[in-house]
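> Give the three-dimensional model of this entry:
(one chain, ligands or ions: 2)
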Amino acid sequence: MTTFPDNRVVIFDTTLRDGEQSPGATMTHAEKLEIAAMLDDMGVDVIEAGFPIASDGDFAAVSEIAKNAQTATICGLARANFKDIDRCWEAVKHAKSPRIHTFIGTSPLHRAIPNLTRDEMADKIHETVTHARNLCDNVQWSPMDATRTEWDYLARTVEIAIRAGATTINIPDTVGYTAPNESAELIRRLIAEVPGAEDVIFATHCHNDLGMATANSLAAVEGGARQIECTINGLGERAGNTALEEVVMALKVRHDIMPFTTGVDSRKLMAISRRVASVSGFAVQFNKAIVGKNAFAHESGIHQDGMLKNAETFEIMRPEDVGLTETSLVMGKHSGRAALKSKLAELGYEVEANQLADVFVRFKTLADQKKEIFDDDLIALMQDEERSG
Ligand code: KIV
Ligand code: ZN
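Ligands and ions are numbered 1, 2, ... in the order given. The predicted structure is shown next:
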(Lines give C-alpha, C1' and ligand atoms only; values in the text may rest on other atoms or scores of the structure.)
(Ligands and ions follow the chains in the order given, each with its own letter.)
Protein backbone atom coordinates (compact mmCIF):
# COMPACT_ATOMS: atom_id res chain seq x y z
CA MET A 1 0.00 0.00 0.00
CA THR A 2 1.22 3.48 -0.85
CA THR A 3 2.02 5.74 2.07
CA PHE A 4 1.65 9.48 1.67
CA PRO A 5 2.98 12.53 3.50
CA ASP A 6 0.83 13.86 6.33
CA ASN A 7 -0.86 16.59 4.31
CA ARG A 8 -1.74 14.38 1.32
CA VAL A 9 -5.46 13.63 0.98
CA VAL A 10 -6.42 10.37 -0.73
CA ILE A 11 -9.12 10.90 -3.34
CA PHE A 12 -11.53 7.96 -3.38
CA ASP A 13 -13.97 8.15 -6.26
CA THR A 14 -17.26 6.27 -6.00
CA THR A 15 -18.97 7.51 -9.19
CA LEU A 16 -19.22 3.93 -10.42
CA ARG A 17 -20.73 2.63 -7.16
CA ASP A 18 -22.56 5.29 -5.09
CA GLY A 19 -22.93 7.51 -8.18
CA GLU A 20 -24.44 4.74 -10.23
CA GLN A 21 -26.90 4.00 -7.37
CA SER A 22 -28.59 7.27 -8.29
CA PRO A 23 -31.97 6.26 -9.79
CA GLY A 24 -31.67 6.35 -13.57
CA ALA A 25 -27.88 6.76 -13.68
CA THR A 26 -27.08 3.22 -14.80
CA MET A 27 -24.04 3.00 -17.09
CA THR A 28 -23.13 0.28 -19.58
CA HIS A 29 -20.15 -2.00 -19.11
CA ALA A 30 -18.13 -0.15 -21.76
CA GLU A 31 -19.00 3.24 -20.24
CA LYS A 32 -17.86 2.10 -16.80
CA LEU A 33 -14.52 0.94 -18.20
CA GLU A 34 -14.09 4.26 -19.97
CA ILE A 35 -14.87 6.34 -16.85
CA ALA A 36 -12.56 4.16 -14.74
CA ALA A 37 -9.73 4.68 -17.25
CA MET A 38 -10.26 8.45 -17.11
CA LEU A 39 -10.25 8.43 -13.29
CA ASP A 40 -7.06 6.37 -13.23
CA ASP A 41 -5.40 8.65 -15.77
CA MET A 42 -6.26 11.85 -13.87
CA GLY A 43 -4.62 10.64 -10.66
CA VAL A 44 -7.56 9.47 -8.54
CA ASP A 45 -6.05 7.26 -5.81
CA VAL A 46 -8.89 4.79 -5.20
CA ILE A 47 -11.72 3.88 -7.57
CA GLU A 48 -14.73 2.18 -6.03
CA ALA A 49 -15.69 0.32 -9.18
CA GLY A 50 -18.95 -1.29 -8.05
CA PHE A 51 -20.77 -3.71 -5.78
CA PRO A 52 -19.71 -7.13 -7.13
CA ILE A 53 -22.44 -9.18 -5.42
CA ALA A 54 -25.17 -6.89 -6.80
CA SER A 55 -25.25 -8.42 -10.28
CA ASP A 56 -23.14 -10.39 -12.76
CA GLY A 57 -22.76 -7.15 -14.71
CA ASP A 58 -21.31 -5.33 -11.70
CA PHE A 59 -18.98 -8.25 -11.01
CA ALA A 60 -17.74 -8.26 -14.62
CA ALA A 61 -17.19 -4.49 -14.62
CA VAL A 62 -15.26 -4.50 -11.33
CA SER A 63 -13.10 -7.44 -12.50
CA GLU A 64 -12.22 -5.80 -15.80
CA ILE A 65 -11.56 -2.41 -14.23
CA ALA A 66 -9.27 -4.19 -11.75
CA LYS A 67 -7.35 -5.85 -14.60
CA ASN A 68 -6.98 -2.59 -16.55
CA ALA A 69 -6.04 -0.20 -13.75
CA GLN A 70 -2.58 1.29 -14.06
CA THR A 71 -2.02 3.16 -10.82
CA ALA A 72 -5.30 3.47 -8.90
CA THR A 73 -6.31 1.09 -6.14
CA ILE A 74 -9.47 -0.74 -7.18
CA CYS A 75 -12.08 -1.23 -4.52
CA GLY A 76 -15.36 -3.14 -4.42
CA LEU A 77 -18.19 -2.85 -1.91
CA ALA A 78 -19.45 -5.75 0.22
CA ARG A 79 -22.06 -6.02 2.98
CA ALA A 80 -21.08 -7.60 6.28
CA ASN A 81 -21.25 -11.25 5.25
CA PHE A 82 -18.73 -13.77 3.92
CA LYS A 83 -20.56 -14.33 0.61
CA ASP A 84 -20.44 -10.63 -0.32
CA ILE A 85 -16.83 -10.32 0.79
CA ASP A 86 -15.70 -13.41 -1.14
CA ARG A 87 -17.44 -12.21 -4.29
CA CYS A 88 -15.88 -8.78 -3.89
CA TRP A 89 -12.42 -10.29 -3.51
CA GLU A 90 -12.91 -12.47 -6.61
CA ALA A 91 -13.54 -9.27 -8.59
CA VAL A 92 -10.89 -6.92 -7.17
CA LYS A 93 -8.09 -9.46 -6.74
CA HIS A 94 -6.88 -8.87 -10.34
CA ALA A 95 -5.82 -5.32 -9.52
CA LYS A 96 -2.21 -4.37 -8.84
CA SER A 97 -3.62 -2.74 -5.72
CA PRO A 98 -6.97 -4.26 -4.60
CA ARG A 99 -9.18 -3.13 -1.70
CA ILE A 100 -12.24 -4.66 -0.06
CA HIS A 101 -14.73 -2.17 1.40
CA THR A 102 -17.18 -3.72 3.83
CA PHE A 103 -19.88 -1.91 5.77
CA ILE A 104 -22.80 -2.27 8.16
CA GLY A 105 -25.38 0.23 9.43
CA THR A 106 -24.50 1.01 13.05
CA SER A 107 -27.09 3.65 14.01
CA PRO A 108 -30.14 2.56 16.04
CA LEU A 109 -32.36 2.85 12.95
CA HIS A 110 -30.05 0.64 10.92
CA ARG A 111 -29.40 -1.87 13.71
CA ALA A 112 -33.14 -2.43 13.89
CA ILE A 113 -33.33 -3.70 10.30
CA PRO A 114 -31.38 -6.96 10.77
CA ASN A 115 -32.65 -6.85 14.35
CA LEU A 116 -29.20 -7.24 15.90
CA THR A 117 -28.27 -6.26 19.42
CA ARG A 118 -25.22 -4.06 19.90
CA ASP A 119 -23.16 -7.09 20.96
CA GLU A 120 -24.34 -9.25 18.07
CA MET A 121 -23.43 -6.52 15.61
CA ALA A 122 -20.04 -6.03 17.26
CA ASP A 123 -19.32 -9.76 16.77
CA LYS A 124 -20.38 -9.56 13.13
CA ILE A 125 -18.03 -6.63 12.53
CA HIS A 126 -15.16 -8.52 14.09
CA GLU A 127 -15.82 -11.69 12.03
CA THR A 128 -16.36 -9.97 8.69
CA VAL A 129 -13.44 -7.56 8.88
CA THR A 130 -11.17 -10.44 9.98
CA HIS A 131 -12.40 -12.49 7.02
CA ALA A 132 -11.79 -9.62 4.57
CA ARG A 133 -8.33 -9.02 5.99
CA ASN A 134 -7.45 -12.70 5.55
CA LEU A 135 -8.12 -12.23 1.84
CA CYS A 136 -6.68 -8.78 1.24
CA ASP A 137 -4.19 -6.58 3.07
CA ASN A 138 -6.13 -3.41 2.16
CA VAL A 139 -9.51 -3.37 3.92
CA GLN A 140 -11.84 -0.45 4.41
CA TRP A 141 -14.63 -0.59 6.95
CA SER A 142 -17.63 1.76 7.17
CA PRO A 143 -20.21 2.15 9.94
CA MET A 144 -23.10 3.26 7.72
CA ASP A 145 -25.06 6.20 9.19
CA ALA A 146 -22.09 6.92 11.46
CA THR A 147 -23.20 10.50 12.06
CA ARG A 148 -26.45 9.26 13.67
CA THR A 149 -24.78 6.46 15.65
CA GLU A 150 -24.39 6.87 19.44
CA TRP A 151 -20.85 8.07 20.21
CA ASP A 152 -19.96 5.19 22.53
CA TYR A 153 -21.14 2.55 20.08
CA LEU A 154 -19.43 4.22 17.14
CA ALA A 155 -16.14 4.37 19.03
CA ARG A 156 -16.51 0.75 20.10
CA THR A 157 -17.20 -0.54 16.58
CA VAL A 158 -14.37 1.49 15.07
CA GLU A 159 -12.00 -0.02 17.63
CA ILE A 160 -13.22 -3.54 16.81
CA ALA A 161 -12.73 -2.96 13.07
CA ILE A 162 -9.21 -1.64 13.64
CA ARG A 163 -8.29 -4.61 15.84
CA ALA A 164 -9.70 -6.99 13.19
CA GLY A 165 -7.36 -5.49 10.58
CA ALA A 166 -9.14 -2.63 8.81
CA THR A 167 -6.62 -0.24 7.28
CA THR A 168 -9.07 2.57 6.41
CA ILE A 169 -11.98 3.59 8.59
CA ASN A 170 -14.61 5.49 6.65
CA ILE A 171 -17.13 7.63 8.52
CA PRO A 172 -20.22 8.01 6.31
CA ASP A 173 -22.71 10.81 6.69
CA THR A 174 -25.16 8.58 4.86
CA VAL A 175 -28.13 10.93 4.91
CA GLY A 176 -26.29 14.25 4.68
CA TYR A 177 -27.24 15.16 8.24
CA THR A 178 -24.04 16.51 9.75
CA ALA A 179 -22.67 20.07 9.70
CA PRO A 180 -19.04 21.19 9.23
CA ASN A 181 -18.12 21.81 12.90
CA GLU A 182 -19.64 18.46 13.90
CA SER A 183 -17.94 16.66 11.01
CA ALA A 184 -14.49 17.95 12.04
CA GLU A 185 -15.10 17.21 15.72
CA LEU A 186 -16.28 13.65 15.12
CA ILE A 187 -13.10 12.69 13.25
CA ARG A 188 -10.91 14.57 15.74
CA ARG A 189 -12.50 12.73 18.66
CA LEU A 190 -12.29 9.30 17.01
CA ILE A 191 -8.59 9.81 16.30
CA ALA A 192 -7.95 11.07 19.83
CA GLU A 193 -9.96 8.48 21.74
CA VAL A 194 -10.11 5.19 19.84
CA PRO A 195 -7.18 2.86 20.61
CA GLY A 196 -5.25 2.04 17.43
CA ALA A 197 -6.64 5.04 15.51
CA GLU A 198 -3.14 6.30 14.77
CA ASP A 199 -2.45 3.18 12.67
CA VAL A 200 -5.28 3.68 10.16
CA ILE A 201 -6.46 6.32 7.70
CA PHE A 202 -9.77 7.98 8.49
CA ALA A 203 -12.04 8.74 5.54
CA THR A 204 -15.05 11.00 5.13
CA HIS A 205 -18.03 10.06 2.95
CA CYS A 206 -20.66 12.79 2.75
CA HIS A 207 -24.03 13.11 1.10
CA ASN A 208 -25.46 16.42 0.03
CA ASP A 209 -29.02 16.40 1.39
CA LEU A 210 -28.52 19.79 3.08
CA GLY A 211 -26.06 21.08 0.48
CA MET A 212 -23.12 20.72 2.90
CA ALA A 213 -21.27 17.69 1.51
CA THR A 214 -18.21 19.58 0.29
CA ALA A 215 -17.98 21.74 3.42
CA ASN A 216 -18.41 18.67 5.64
CA SER A 217 -15.73 16.73 3.76
CA LEU A 218 -13.23 19.59 4.01
CA ALA A 219 -14.04 20.04 7.70
CA ALA A 220 -13.40 16.33 8.26
CA VAL A 221 -9.97 16.80 6.69
CA GLU A 222 -9.34 19.64 9.16
CA GLY A 223 -10.31 17.16 11.88
CA GLY A 224 -7.73 14.62 10.66
CA ALA A 225 -9.40 12.62 7.88
CA ARG A 226 -6.99 11.87 5.04
CA GLN A 227 -9.36 10.31 2.51
CA ILE A 228 -12.29 12.06 0.86
CA GLU A 229 -14.95 9.93 -0.82
CA CYS A 230 -16.62 11.70 -3.69
CA THR A 231 -18.11 11.43 -7.16
CA ILE A 232 -17.77 13.32 -10.43
CA ASN A 233 -20.43 16.07 -10.65
CA GLY A 234 -21.59 15.01 -7.16
CA LEU A 235 -23.57 12.19 -8.78
CA GLY A 236 -25.24 10.00 -6.17
CA GLU A 237 -28.44 8.98 -4.45
CA ARG A 238 -30.96 11.70 -3.57
CA ALA A 239 -29.05 15.02 -3.54
CA GLY A 240 -25.83 13.22 -4.37
CA ASN A 241 -22.37 12.82 -2.87
CA THR A 242 -19.49 15.24 -2.31
CA ALA A 243 -18.37 16.49 -5.74
CA LEU A 244 -14.80 15.47 -6.55
CA GLU A 245 -14.15 18.60 -8.62
CA GLU A 246 -15.20 20.83 -5.70
CA VAL A 247 -12.92 19.32 -3.07
CA VAL A 248 -9.97 19.10 -5.45
CA MET A 249 -10.28 22.76 -6.50
CA ALA A 250 -11.05 24.00 -2.97
CA LEU A 251 -7.84 22.41 -1.70
CA LYS A 252 -5.93 23.89 -4.62
CA VAL A 253 -7.36 27.42 -4.60
CA ARG A 254 -7.46 27.82 -0.78
CA HIS A 255 -4.21 26.00 -0.07
CA ASP A 256 -3.33 29.05 2.05
CA ILE A 257 -5.87 28.06 4.71
CA MET A 258 -6.22 24.33 3.92
CA PRO A 259 -2.64 23.19 3.33
CA PHE A 260 -3.46 19.76 1.90
CA THR A 261 -2.73 18.28 -1.52
CA THR A 262 -4.28 15.65 -3.78
CA GLY A 263 -2.81 13.68 -6.67
CA VAL A 264 -5.54 14.74 -9.10
CA ASP A 265 -4.65 16.60 -12.29
CA SER A 266 -7.35 19.27 -12.18
CA ARG A 267 -6.94 20.05 -15.89
CA LYS A 268 -8.81 16.81 -16.60
CA LEU A 269 -11.90 17.77 -14.56
CA MET A 270 -13.99 19.30 -17.32
CA ALA A 271 -13.55 16.38 -19.71
CA ILE A 272 -14.57 13.75 -17.17
CA SER A 273 -17.45 15.89 -15.92
CA ARG A 274 -18.87 16.09 -19.45
CA ARG A 275 -18.37 12.39 -20.06
CA VAL A 276 -20.05 11.37 -16.79
CA ALA A 277 -22.97 13.72 -17.56
CA SER A 278 -23.34 12.15 -20.96
CA VAL A 279 -23.12 8.48 -19.94
CA SER A 280 -25.25 8.85 -16.80
CA GLY A 281 -27.84 11.04 -18.51
CA PHE A 282 -27.59 13.48 -15.56
CA ALA A 283 -26.98 16.94 -17.01
CA VAL A 284 -24.80 19.30 -14.97
CA GLN A 285 -26.70 22.35 -13.73
CA PHE A 286 -25.51 25.55 -15.46
CA ASN A 287 -24.38 27.21 -12.22
CA LYS A 288 -22.67 24.11 -10.76
CA ALA A 289 -19.38 25.05 -9.08
CA ILE A 290 -16.25 24.31 -11.16
CA VAL A 291 -17.82 22.38 -14.05
CA GLY A 292 -21.14 24.14 -14.77
CA LYS A 293 -21.58 25.84 -18.16
CA ASN A 294 -21.68 29.23 -16.42
CA ALA A 295 -18.86 28.60 -13.91
CA PHE A 296 -16.49 30.68 -16.06
CA ALA A 297 -19.04 32.77 -17.99
CA HIS A 298 -19.73 36.47 -17.49
CA GLU A 299 -22.57 38.52 -18.87
CA SER A 300 -22.87 41.75 -16.91
CA GLY A 301 -21.12 44.83 -18.26
CA ILE A 302 -19.19 45.54 -15.06
CA HIS A 303 -17.93 41.96 -14.86
CA GLN A 304 -17.05 41.74 -18.55
CA ASP A 305 -15.20 45.04 -18.42
CA GLY A 306 -13.25 43.89 -15.35
CA MET A 307 -12.47 40.53 -16.96
CA LEU A 308 -11.14 42.21 -20.10
CA LYS A 309 -8.77 44.30 -17.97
CA ASN A 310 -7.73 41.66 -15.42
CA ALA A 311 -9.26 38.19 -15.15
CA GLU A 312 -8.60 38.07 -11.41
CA THR A 313 -11.28 40.71 -10.84
CA PHE A 314 -14.04 38.13 -11.14
CA GLU A 315 -12.35 34.74 -11.31
CA ILE A 316 -10.59 32.93 -8.47
CA MET A 317 -9.38 30.10 -10.68
CA ARG A 318 -7.99 30.04 -14.19
CA PRO A 319 -10.26 28.21 -16.65
CA GLU A 320 -7.20 26.28 -17.92
CA ASP A 321 -6.78 24.80 -14.43
CA VAL A 322 -10.03 22.87 -14.80
CA GLY A 323 -9.51 22.02 -18.46
CA LEU A 324 -11.32 24.87 -20.19
CA THR A 325 -9.50 26.81 -22.85
CA GLU A 326 -10.95 30.19 -21.98
CA THR A 327 -13.42 32.26 -20.00
CA SER A 328 -16.62 32.91 -21.88
CA LEU A 329 -18.02 36.39 -22.13
CA VAL A 330 -21.67 35.75 -22.83
CA MET A 331 -23.29 38.52 -24.82
CA GLY A 332 -26.67 39.54 -23.48
CA LYS A 333 -28.65 42.54 -22.30
CA HIS A 334 -26.30 43.12 -19.34
CA SER A 335 -23.18 43.34 -21.51
CA GLY A 336 -21.39 46.64 -21.95
CA ARG A 337 -19.59 48.42 -24.79
CA ALA A 338 -16.13 47.10 -23.92
CA ALA A 339 -17.29 43.49 -24.19
CA LEU A 340 -19.17 44.19 -27.42
CA LYS A 341 -16.10 45.87 -28.95
CA SER A 342 -13.88 42.97 -27.91
CA LYS A 343 -16.35 40.35 -29.20
CA LEU A 344 -16.68 42.15 -32.55
CA ALA A 345 -12.90 42.30 -32.86
CA GLU A 346 -12.78 38.54 -32.23
CA LEU A 347 -15.24 38.13 -35.11
CA GLY A 348 -13.11 40.30 -37.36
CA TYR A 349 -14.91 43.66 -37.07
CA GLU A 350 -12.82 46.61 -35.91
CA VAL A 351 -15.32 49.36 -35.06
CA GLU A 352 -14.61 53.04 -34.49
CA ALA A 353 -16.09 54.87 -31.46
CA ASN A 354 -18.95 56.43 -33.51
CA GLN A 355 -19.91 53.20 -35.16
CA LEU A 356 -19.68 51.37 -31.83
CA ALA A 357 -22.22 53.76 -30.33
CA ASP A 358 -24.64 52.98 -33.16
CA VAL A 359 -24.03 49.21 -33.10
CA PHE A 360 -24.40 49.21 -29.32
CA VAL A 361 -27.92 50.67 -29.57
CA ARG A 362 -28.91 48.00 -32.11
CA PHE A 363 -27.28 45.32 -29.97
CA LYS A 364 -29.26 46.36 -26.86
CA THR A 365 -32.53 46.32 -28.84
CA LEU A 366 -31.76 42.80 -30.01
CA ALA A 367 -30.63 41.72 -26.53
CA ASP A 368 -33.96 42.79 -25.06
CA GLN A 369 -35.62 40.25 -27.32
CA LYS A 370 -33.22 37.30 -26.90
CA LYS A 371 -31.78 35.56 -23.84
CA GLU A 372 -28.31 35.20 -25.34
CA ILE A 373 -26.73 36.80 -28.38
CA PHE A 374 -24.67 34.34 -30.36
CA ASP A 375 -21.80 35.08 -32.76
CA ASP A 376 -24.13 34.61 -35.75
CA ASP A 377 -26.50 37.27 -34.35
CA LEU A 378 -23.62 39.73 -34.12
CA ILE A 379 -22.41 38.92 -37.62
CA ALA A 380 -25.95 39.49 -38.98
CA LEU A 381 -26.13 42.75 -37.04
CA MET A 382 -22.81 43.93 -38.49
CA GLN A 383 -23.82 42.97 -42.02
CA ASP A 384 -27.02 44.96 -41.58
CA GLU A 385 -25.03 47.87 -40.15
CA GLU A 386 -22.67 47.82 -43.14
CA ARG A 387 -25.58 47.71 -45.60
CA SER A 388 -27.39 50.62 -43.94
CA GLY A 389 -24.21 52.59 -43.18
O1 KIV B 1 -23.55 6.51 2.25
C2 KIV B 1 -23.12 5.46 2.75
O3 KIV B 1 -23.22 5.19 3.95
C4 KIV B 1 -22.47 4.52 1.85
C5 KIV B 1 -21.78 3.36 2.50
C6 KIV B 1 -22.00 2.09 1.80
C7 KIV B 1 -20.33 3.68 2.67
O8 KIV B 1 -22.42 4.73 0.65
ZN1 ZN C 1 -22.94 6.86 0.22
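> ok, and the closest non-adjacent residue to residue 130?
Leaving aside its chain neighbours, residue 130 sits nearest to residue 164 (4.5 Å; criterion: Cβ to Cβ, 6 or more residues apart in numbering). Placement of C-beta: from N, CA and C, glycine included.
> Contacts for stretch 264-280 next, please.
For stretch 264-280, contacts defined as Cβ atoms under 8 Å, 6 or more residues apart in numbering pick out 11, 15, 19-20, 22, 25, 27-28, 31, 34-35, 38-39, 41-44, 232-233, 235, 244-245, 248-249, 252, 282-284, 290-291, 320-324.
> ok, so what distance separates residue 355 from ligand 1?
60 Å (Cβ to the nearest ligand atom, to the nearest Å).
> What about the contacts of stretch 264-280, which are in strands?
The strands, defined by DSSP state E, take in residue 11 from the contacts of stretch 264-280.
> Please state the backbone phi and psi of whatever residue of the stretch 251-389 of the chain ends up closest to ligand 1?
Using Cβ to the nearest ligand atom, the single residue of the stretch 251-389 of the chain nearest to ligand 1 is residue 280, 17.0 Å away. Backbone torsions of residue 280, given as degrees, to the nearest 10, read phi -90, psi -20.
> tell me which parts of this protein are close to ligand 1?
Proximity of the chain to ligand 1, by Cβ under 6 Å from any ligand atom, involves residues 18, 103, 142, 144, 170, 172, 174, 205, 207.
> How about the contacts made by the closest residue to the fourth one other than its chain neighbours?
The shortest distance from residue 144 to any residue other than its chain neighbours is 4.1 Å, reached at residue 105 (Cβ to Cβ, 6+ apart). Going by Cβ under 8 Å, 6+ apart, residue 105 touches 111, 113, 143-145, 174.
> What are the buried residues along stretch 266-274?
Neighbour-count burial for stretch 266-274 flags 266, 268-273 (criterion: 16 or more other Cβ atoms under 10 Å).
> Redo these as JSON lines? Include secondary structure.
Listed next are these as JSON lines, based on DSSP: H, G, I helix; E, B strand; the rest coil:
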{"residue": "266", "secondary structure": "helix"}
{"residue": "268", "secondary structure": "helix"}
{"residue": "269", "secondary structure": "helix"}
{"residue": "270", "secondary structure": "helix"}
{"residue": "271", "secondary structure": "helix"}
{"residue": "272", "secondary structure": "helix"}
{"residue": "273", "secondary structure": "helix"}
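> Just give the nearest non-adjacent residue to residue 151, would you?
In space, residue 151 is closest to residue 189, 7.7 Å off (Cβ to Cβ, 6+ apart).
> these two touch, right, residue 282 and residue 27?
No. With contact defined as Cβ atoms under 8 Å, residue 282 does not reach residue 27; the gap is 10.7 Å.
> Residue 316 - how many residues pack around it?
8 (other Cβ atoms under 10 Å).
> Retrieve the pLDDT associated with the residue lying closest to it once chain neighbours are set aside.
Leaving aside its chain neighbours, residue 316 sits nearest to residue 253 (5.7 Å; criterion: Cβ to Cβ, 6+ apart). Confidence at residue 253, expressed as pLDDT, is 97.
> can you check residue 48 too?
98.
> Can you give me the neighbour number for residue 294?
For residue 294, using other Cβ under 10 Å, the count is 13.
> Start at 58, not 1
I'll keep to 58 as the first residue from here, and by that count the last item is residue 351.
> My reading is that it lies in a helix. Confirm?
No. With three-state DSSP as the criterion, residue 351 is coil rather than part of a helix.
> So, low pLDDT: which residues of the stretch 308-446 of the chain?
Across the stretch 308-446 of the chain, the ranges flagged by pLDDT under 70 are 446.
> which residues in it form strands?
Applying DSSP state E, counting those that start in this stretch to the stretch 308-446 of the chain gives strands spanning 354-355, 385-386.
> Show me what the first one is packed against.
Under the contact criterion of 3 or more Cβ pairs under 8 Å, 6 or more residues apart in numbering; DSSP states H and E, strand 354-355 touches strand 385-386.
> Neighbouring strands - and their directions - for the strand it packs on?
According to DSSP bridges, strand 385-386 has the following sheet partners: strand 354-355 (parallel).
> what's the strand it pairs with in contact with?
361, 364, 371, 384-387.
> Name the member of those that has the highest neighbour count.
residue 361 (26 neighbours).
> who touches the spatially closest residue to that one that is not a sequence neighbour in this structure?
With Cβ to Cβ, 6+ apart as the measure, residue 396 is the residue that lies nearest to residue 361, at 3.6 Å, once sequence neighbours are left out. Each residue near residue 396 by Cβ under 8 Å, 6+ apart is listed here: 358, 361-362, 365, 386, 388.
> What's the local residue count around residue 304?
28.
> among the residues of the chain next to ligand 1, who's most crowded?
residue 262 leads the residues of the chain next to ligand 1 on contacts (other Cβ under 10 Å) with 28 neighbours.
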